[in-house]
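**Student:** Give me coordinates for this.
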Amino acid sequence: MHKPLLAITMGDPAGVGPEIIVKALEHETVWQACRPVVIGDARWMTEATRIVGTKRAVRAVTSVFDAGVHDSIDVLDLANVPTDFVRGKVSAAGGRAAYEYIERAVRLTLTHQTDAIVTAPLNKEALHAAGKMYAGHTEILADLCGVKGTVMLLTCPRLRVSHVSTHVSLRDALARVTTERVMRVIQLTHDALVQMGIATPRLAVAGLNPHAGESGLFGDEEEKIIAPAIHAAQRAGIDARGPFPPDTVFWRATQGEFDAVIAMYHDQGHIPMKLLGFFDGVNVTLGLPIIRTSVDHGTAFDLAGTGRADERSMVAAILLAAQMVRR
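**Tutor:** Coordinates of the predicted model:
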């Protein structure tokens, strides 16, 4: 079986990224599924192996084609972490390094030198300190790939949720609920679930207002904006239903009635996902010309250097990326 070559970005070196990568690579299921290559700093990854306590060696490589075939942590070494770097603190150096890992991973994957990207967490404040004025990974990836209209899909063993909008104010999120955008999120979610092995995905679309508007009593966005998108998706052969009251639709999905839920804004979708998949959730960016999965948590500066950060989300992200590549 072909093992996909996955570019795993180290994330902000001040955070837990290096440690959760090291711990994830202790799982035999990861090596069975893929050939991993870390895009990062070899010296800093070596320090992470000391913190975690693994005997697996770090090997600096100059070409990704030589990576992932040995029993070692292979690192495409950008050597961009300063020798006096401080773990657990926001810094421009950390933000700059994290950005450079993403930039290199995107370039490698767009040119088919690697098959997909798996990202460790970065810090938005550090990014901005480095002059990279992005809201997060999704916006960086869209910019580097030259696309617009990407979609965030979160997945864990019990629930999958896509979002019409994410990192914007609630006031702006309301304005972004348009028929065209809802239809795009439905389409991309359908296509992604097929790639994940679900032949005929069943999609539930959440309403925007309490009780999905209750026939216009609490708002008419469901009737005027969301329902037309659902009808368009149905005409395109997609099994999309709704809009459903947001306070019950996620529970219905966890009971097996739906394969994914389309949420209208960040917290509507993130709250049930964090409740059910805090440690093993995966973030997938839809609408890119490449496959990208990520851990569904932040840099956890307070845990950096302790070796206690939980690697389950990183393991799940790696396995899902490998699965999507094979399909």
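**Student:** From here on, just use CA atoms for contacts and neighbour counts.
**Tutor:** Will do.
**Student:** Leaving out sequence neighbours, find the closest residue to Leu276.
**Tutor:** Arg158 (7.0 Å; C-alpha to C-alpha, 6 or more residues apart in numbering).
**Student:** tell me the contacts of that neighbour?
**Tutor:** Taking C-alpha atoms under 8 Å, 6 or more residues apart in numbering as the criterion, Arg158 is in contact with 254, 276-277.
**Student:** Can you tell me which of these is closest to Val52?
**Tutor:** Gly277 (23.7 Å; C-alpha to C-alpha).
**Student:** wait, is Thr46 part of a strand?
**Tutor:** No: counting by DSSP: H, G, I helix; E, B strand; the rest coil, Thr46 is not part of a strand but helix.
**Student:** Check the burial of it by counting its neighbours.
**Tutor:** Neighbour count for Thr46, taken as other C-alpha atoms under 10 Å: 20.
**Student:** What of the one 4 residues further on?
**Tutor:** Here the neighbour count serves as a burial measure; for Arg50 (other C-alpha under 10 Å) it reads 17.
**Student:** so it is in which element?
**Tutor:** In this structure, Arg50 sits in helix 42-52 according to DSSP states H and E.
**Student:** Extract the C-alpha set from that helix and format it as PDB.
**Tutor:** Coordinates of each C-alpha in helix 42-52 appear next as PDB, following Å, rounded to 0.1, in the frame of the first residue of the first chain:
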ATOM      1  CA  ALA A  42      15.900  20.100  13.900                       C
ATOM      2  CA  ARG A  43      17.600  21.400  17.100                       C
ATOM      3  CA  TRP A  44      14.300  22.400  18.600                       C
ATOM      4  CA  MET A  45      12.700  19.000  17.700                       C
ATOM      5  CA  THR A  46      15.700  17.300  19.400                       C
ATOM      6  CA  GLU A  47      15.000  19.300  22.500                       C
ATOM      7  CA  ALA A  48      11.400  18.100  22.300                       C
ATOM      8  CA  THR A  49      12.500  14.500  22.300                       C
ATOM      9  CA  ARG A  50      14.400  15.100  25.500                       C
ATOM     10  CA  ILE A  51      11.400  16.700  27.100                       C
ATOM     11  CA  VAL A  52       9.100  13.900  26.100                       C
END
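**Student:** So what's the residue count around Ile318?
**Tutor:** 32.
**Student:** Then Arg59?
**Tutor:** Based on other C-alpha under 10 Å, the number of other residues close to Arg59 is 19.
**Student:** Then the one 4 residues further on?
**Tutor:** Burial of Ser63 is recorded as 12 neighbouring residues (other C-alpha under 10 Å).
**Student:** any idea of the mean pLDDT for the lengthiest helix in the chain?
**Tutor:** If you go by DSSP state H, the chain has its longest helix at helix 92-110. Over the span of helix 92-110, the pLDDT mean works out to 98.
**Student:** Show me what secondary structure element comes after it.
**Tutor:** For helix 92-110, the succeeding helix or strand toward the C-terminus, using DSSP H and E, is strand 116-119.
**Student:** how about Val182, what does it touch?
**Tutor:** Val182 neighbours (C-alpha under 8 Å, 6+ apart): 164, 226, 229.
**Student:** Please, which helix or strand holds the nearest residue to Arg104 once chain neighbours are set aside?
**Tutor:** Nearest residue to Arg104 in three dimensions, chain neighbours excluded: Ile39, at 7.5 Å (C-alpha to C-alpha, 6+ apart). Assigned by DSSP H and E, Ile39 belongs to strand 35-40.
**Student:** From the centroid of this structure, which residue is nearest?
**Tutor:** Asn283 (2.6 Å; C-alpha atoms, centre = their mean).
**Student:** Contacts for the longest helix of the chain next, please.
**Tutor:** Contacts for helix 92-110 (C-alpha under 8 Å, 6+ apart): 7-14, 39-40, 78, 80-82, 85, 114-117, 119, 122-132, 141, 144-145, 289-290.
**Student:** From the contact counts, what lies against the helix holding Arg50?
**Tutor:** helix 17-24, strand 58-61, strand 73-77 (3 or more C-alpha pairs under 8 Å, 6 or more residues apart in numbering; DSSP states H and E).
**Student:** Buried residues, that helix. List them.
**Tutor:** Neighbour counts over helix 42-52 (16 or more other C-alpha atoms under 10 Å) mark 42-46, 48-52 as buried.
**Student:** do the same with stretch 22-40
**Tutor:** For stretch 22-40, by 16+ other C-alpha under 10 Å, it's 22-26, 30-31, 33-40.
**Student:** who's in contact with it?
**Tutor:** 3-11, 45, 48-49, 52, 54, 64, 67-69, 73-80, 101, 104-105, 311-312, 314-315, 318-319, 322-323.
**Student:** how about the helices of the stretch 151-300 of the chain, start to end?
**Tutor:** Assigned by DSSP state H, counting those that start in this stretch, the stretch 151-300 of the chain shows helices spanning 170-175, 179-195, 221, 227-235, 246-254, 266-277.
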